[in-house]
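J.: what follows is a protein structure lacking sequence information:
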């Protein structure tokens, strides 16, 4: 069964450093998303991406965040200068069509720890 | 504001019994509700959904009930199995073209 792949599974970084979280969505999917989950809390929407541009972003997704689809397979989330409160599990998701809950597939996440 | 939450953070159920996980939502404009399952170390996985014009929908061993009068959503799992151990999230969408808003999650423990 096809799956969304995220790397690395764990990332530890110092406050103020840049991090790039990588995702390989399912190959025929067109819509891409990043969500995050702070430990013990709900899953929060960050950004959606379609046709090489951001479709929607949340208040969390400020100027420190950016997304990119540098080639035909990868979808990355960059945090320019990490803060302690950026520590969370970051999930990438993809779907064939937009905002289809049933057809939205999540990766296993990258656990980001900012020290 | 946006708010989808759950009544209980943890639920323990005997193996073989039925589980009922509850969720209260506050946005009466939401048209579409979803239940996700998140196993340890994995991302959320779709279980079942329901439109606001329905009050019940059944899947394989799962049933979702929607009570719009009191803005309450529940997930019933029949004959709970060890593999059902996970965190369950309810989620909502204003409509099928909107983003998914997740609630906080309920951890389901299966007792032997």
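T.: Cool, the structure landed. All values reported here derive from a predicted model rather than from experimental measurement.
J.: and the pLDDT at the closest residue to chain A within chain B?
T.: Nearest residue of chain B to chain A, counting by Cβ to the nearest Cβ: residue B:43, 2.9 Å away. Using the backbone N, CA and C atoms, a C-beta is placed for each residue, glycine as well. For residue B:43, the model assigns a pLDDT of 89.
J.: then the one 5 residues further on?
T.: Residue-level confidence at residue B:48 comes out at 94, pLDDT.
J.: check the secondary structure at the closest residue to residue A:48 other than its chain neighbours for me.
T.: Distance criterion Cβ to Cβ, 6 or more residues apart in numbering or on different chains; nearest residue to residue A:48, sequence neighbours excluded, is residue A:55 at 4.4 Å. With DSSP: H, G, I helix; E, B strand; the rest coil as the basis, residue A:55 sits in strand.
J.: burial of residue A:55, as a residue count?
T.: By other Cβ atoms under 10 Å in any protein chain shown, the residues close to residue A:55 number 15.
J.: that one contacts residue A:46, doesn't it?
T.: No - Residue A:55 lies out of contact with residue A:46 (Cβ atoms under 8 Å); the separation is 12.0 Å.
J.: check contacts around residue 40.
T.: The chain I'm using is chain A. Contacts for residue A:40 (Cβ atoms under 8 Å, 6 or more residues apart in numbering or on different chains) come out as none.
J.: um, chain B though
T.: Neighbours of residue B:40 in contact, by Cβ under 8 Å, 6+ apart: residue B:86.
J.: distance check, residue A:113 against residue A:32.
T.: In this view, residue A:113 and residue A:32 are 24 Å apart by Cβ to Cβ, to the nearest Å.
J.: so between the two, which is more surrounded?
T.: Taking other Cβ under 10 Å, residue A:113 and residue A:32 do not tie; residue A:32 has more neighbours (22 against 13).
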